[in-house]
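Q: give me the fold of what follows.
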Amino acid sequence: MRTHIYGALLVFFLLITIPAFSQETEGEDGQTDDRNFFLLPVLETIFSGNPRWSPGWPSDIPPDGFSLPPGNPPFIVLELSNGNDTFVLRRDSEGRLLEFPFFYEGGYAKIRIGYSPSGAVQTMNIEFKNMQAQEEESQDDEEKDETWLVTFPADFLPYSELSPGGSFPVIRVSSGDSDFFVFIFESPLFLTETWYDSGGNMLVFCKASVNVEKGAWRIRSLQIHGEGGVRFEDRFFDSFGNITEIRLSSDGSEDRKFLALYRDSMPVYWQRDDFIYDLQWDTRGILTIIKAWDETGGFDTEYRYRYVDLSGIWVRREEAAYRVQYDLLTPQPSYSRGIWTRRLEFFLTFDRY
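A: This is a model prediction of the structure:
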């Protein structure tokens, strides 16, 4: 155990002194790919048991799409669909996540988890999707979705009674004909994630500073050493644990920033790059209006919502878009982002549609 801990610490201190690391894995075009997807943020969601809305999420995903108003029974399955994409949130009888969508910059991933008898994460299937695919591309030209199969060591439960701390045994990631090896190191203040290819070449290193309380942990910041240099992602929270700000930066300069303010854990103000959203909720906790505008003055739209609900839970949401023309608020159907539907299954009850 001491050998593993000292070895991981040595890698950590070496990484702090070197400004960047070359990623040796190359695609068919000979270009290297700077990795921007890591296991630690996904594991944070799994162990928290709750994929909470974040100001970094895509703007068209309903902020209450994966939650129900207070007082409702827990659900076992929730399917959220807009006709093109279907996002599934599924739990087992103990409330653990079995499947959920994970949103990140440029797309999302469908996550499926398998657990060992001890309750530790045993396997993870990650299927990557692209939410920005162009409609004009033919199906033959579209790239096949990439899938990772992640196999964890026995009793993989960071910050639990089963965790000895220090360096965990290797995590294997298989993608097509490629195999990668990931090492997680646990300390009281941070977790690190280091990737190697099958030839033993280090690909990328990620350090996550965390807050730990009673075995639960939240990521405060990510420090990523990759081919493109050092990148940072800093997160800020309110007293209820909602993410109020995300800052993305590299080489000492701020690249992007996301802001949010909340009421009853639901966003009422949201800034995503140059776009600002003012969200209005009724007394039942139902989103009624979103006013969106561009700080540069080139975009000003109001979205209004109509619902079909069962017992206070919406199962269909229609969006109508309006813009000001000739000093009048006029309907603009072409700006509407469509219809969302939800299907739910509850523990020991019936389906709701």
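Q: confirm L248 sits in a strand?
A: Yes: with DSSP: H, G, I helix; E, B strand; the rest coil as the criterion, L248 is part of a strand.
Q: what bridges to it?
A: Beta-bridge partners recorded for L248 (DSSP bridges): E233, R256.
Q: which residues touch it?
A: R231, F232, E233, E254, D255, R256, K257 (Cβ atoms under 8 Å, 6 or more residues apart in numbering). C-beta here means a position set from N, CA and C on the backbone, and glycine is covered the same way.
Q: dump the residues you listed into JSON lines; add distance to P73 as well.
A: Below are the contacts of L248 laid out as JSON lines (distance: Cβ to Cβ, whole Å):
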{"residue": "R231", "distance to P73": "42"}
{"residue": "F232", "distance to P73": "41"}
{"residue": "E233", "distance to P73": "35"}
{"residue": "E254", "distance to P73": "43"}
{"residue": "D255", "distance to P73": "42"}
{"residue": "R256", "distance to P73": "39"}
{"residue": "K257", "distance to P73": "38"}
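Q: need the buried ones from those residues selected in PyMOL.
A: A single PyMOL command selects the buried members of those (16 or more other Cβ atoms under 10 Å):
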select buried, resi 231+232+233
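Q: looking at the contacts of L248, which is nearest Y335?
A: R256 (24.0 Å; Cβ to Cβ).
Q: buried residues in stretch 286-301?
A: Quick answer for stretch 286-301 (16+ other Cβ under 10 Å): I286, L287, I290, A292, W293, T301.
Q: can I get the residues you listed in JSON lines with pLDDT, secondary structure and distance to V42?
A: Conversion of the buried residues of stretch 286-301 to JSON lines gives the following (pLDDT from 0 to 100; DSSP: H, G, I helix; E, B strand; the rest coil; distance: Cβ to Cβ, whole Å):
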{"residue": "I286", "pLDDT": "92", "secondary structure": "coil", "distance to V42": "30"}
{"residue": "L287", "pLDDT": "95", "secondary structure": "strand", "distance to V42": "27"}
{"residue": "I290", "pLDDT": "97", "secondary structure": "strand", "distance to V42": "28"}
{"residue": "A292", "pLDDT": "94", "secondary structure": "strand", "distance to V42": "29"}
{"residue": "W293", "pLDDT": "92", "secondary structure": "strand", "distance to V42": "33"}
{"residue": "T301", "pLDDT": "93", "secondary structure": "strand", "distance to V42": "33"}
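Q: ok, these vs T330, which is closest?
A: T301 (11.2 Å).
Q: once you drop chain neighbours, what's closest to the closest one?
A: Sequence neighbours aside, A292 is the residue nearest to T301 in space, at 5.0 Å (criterion: Cβ to Cβ, 6 or more residues apart in numbering).
Q: ok, now E146?
A: Closest to E146 by Cβ to Cβ, 6+ apart is F128, at 4.6 Å.
Q: what about the one you found, distance to L287?
A: The spacing between F128 and L287, counted by Cβ to Cβ, to the nearest Å, is 29 Å.
Q: coming back round to it: quick check: bridge partners of the residue nearest to T301?
A: Assigned bridge partners for A292, using DSSP bridges, are Y277, T301.
Q: is it true that it touches D300?
A: Yes: A292 lies in contact with D300 (Cβ atoms under 8 Å); the separation is 7.5 Å.
Q: show the average pLDDT along stretch 221-229.
A: For stretch 221-229, the mean per-residue pLDDT is 90.
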